[in-house]
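**Student:** got a sequence here, can you build the structure:
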Amino acid sequence: MTGRAAEIDLNLNDRVKYYNNILSADIQERLTSEKLADLQSKIMSEQFMKILDVTNKNIAFPYDFLKYYRISLDIDNQKKFDKTNSYVKFGQIEDSNIKDFIQSHYKQQNITDSTNVVIVQYNTSLMNNLINSNEFINAIAKEEDNIRNKIYKNNSFSISFKDDLNLALTIGKCNIYNPCFHKDDTFTATLVDYYDFEYLKYAPSIKKAILNAINNNAVIQQENGDLTNFVLIIPIILFKNSDL
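**Tutor:** The predicted model follows:
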C-alpha cells in the first residue's frame, strides 16, 4: 500500500492506540472519579472524530445496529414513524408469565410499568438476520431435546452473539423464552433482551477497537442519561419447512 492510503492506515493505527489508552480497562474507576462530561470530552476528541470519519468510509456499520442505536437516542420521535416495530410500555404487556420472567431476569435494570418496550415485527431485517444466523440455528439445535422435553416452559436459555457483527452489536446476549416445538414441528419462542451497553475491553485489531470505542462512548451516553434503555422483544415463529 502506498501514497495517501498508506498514510491513512498509519495514522489510523496510531489513533487506535490512542483511544484504546483513553478507553483502557480502568474506565470503570474513572467513571466514578471523573466528571462524565470531562471523560466524554476526551473520548469525543478531535482525534476520535477523525477516526470515525475514516471508519465511516471503510467499515459498513450493520443496518440494525444503527437503527436500534438511533431508537435509543430518540425513541419518542422514532416510534412516531417506525413501522417495523411496535412500541408499548411494560405495563401494557398482557402476558403475565413473560412479564414475571422479564422482571425476574432483569432485576438490576429496575423495570417498571413505565419502561419502554420495543417489539420487533415479523419479516423485518432484525428478525430475518436473527433466524438465519448460524449462532441462533446452532443454539436451537443444541437445545432441541430440552425444548421438546419442555425444560424451558415459561423459562429460557441464553444466547451470546459474537460471530455475527450485526447481532453482536444490536443484541449481544439475550434470552430465548418459552421455546416450543409444536405437533406440526412449528417452532415458537420469544427473544427477550434489555437494550443497554456494557464496557468492552481493549481490542487488538483496528476494526474491533473502533467498534469498541463507539460502544464505550454509548456507555458514557447511557451513564449520562443521553439514551433510552428499553426491553427488546422478538416473537419468533418458524415453520417445519424453514431452514431450522
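**Student:** now the strands: where do they sit in the protein?
**Tutor:** 85-89, 116-120, 156-160, 173-181, 187-195, 230-238 (DSSP state E).
**Student:** so for residue 69, which of those sits nearest?
**Tutor:** With CB to CB as the criterion, residue 69 lies closest to strand 187-195 of those, at 9.1 Å. Any C-beta I mention is one placed from the backbone N, CA and C, and that applies to glycine too.
**Student:** give me the residues contacting that closest one.
**Tutor:** Contact with strand 187-195 is made by 68, 72, 98, 101-102, 105-106, 109, 111, 118, 130, 140, 156, 171-182, 229-239, 242, 244, as judged by CB atoms under 8 Å, 6 or more residues apart in numbering.
**Student:** quick check on these: which are buried?
**Tutor:** 68, 72, 98, 101-102, 105-106, 111, 118, 130, 140, 156, 171-172, 174-179, 181, 229-234, 236, 238, 244 (16 or more other CB atoms under 10 Å).
**Student:** can I get the strands of the chain in JSON lines including mean pLDDT and distance to residue 214?
**Tutor:** Output for these, formatted as JSON lines (pLDDT from 0 to 100; distance: least, CB to CB, whole Å):
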{"stretch": "strand 85-89", "mean pLDDT": "96", "distance to residue 214": "22"}
{"stretch": "strand 116-120", "mean pLDDT": "97", "distance to residue 214": "21"}
{"stretch": "strand 156-160", "mean pLDDT": "96", "distance to residue 214": "19"}
{"stretch": "strand 173-181", "mean pLDDT": "96", "distance to residue 214": "18"}
{"stretch": "strand 187-195", "mean pLDDT": "96", "distance to residue 214": "15"}
{"stretch": "strand 230-238", "mean pLDDT": "96", "distance to residue 214": "19"}
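**Student:** now these in a markdown table, with distance to residue 145?
**Tutor:** Below are these laid out as a markdown table (distance: least, CB to CB, whole Å):
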| stretch | distance to residue 145 |
| --- | --- |
| strand 85-89 | 33 |
| strand 116-120 | 28 |
| strand 156-160 | 12 |
| strand 173-181 | 10 |
| strand 187-195 | 14 |
| strand 230-238 | 17 |
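**Student:** surely residue 168 touches residue 161?
**Tutor:** Yes: the criterion here is CB atoms under 8 Å, and residue 168 meets it with residue 161 at 4.7 Å.
**Student:** stretch 191-202: which residues count as buried?
**Tutor:** For stretch 191-202, by 16+ other CB under 10 Å, it's 191-197, 200.
**Student:** specify the beta-bridge partners of the closest residue to residue 158 other than its chain neighbours.
**Tutor:** Nearest non-adjacent residue to residue 158, counting by CB to CB, 6 or more residues apart in numbering: residue 175, 5.4 Å away. Per DSSP bridges, the residues bridged to residue 175 are residue 158, residue 192.
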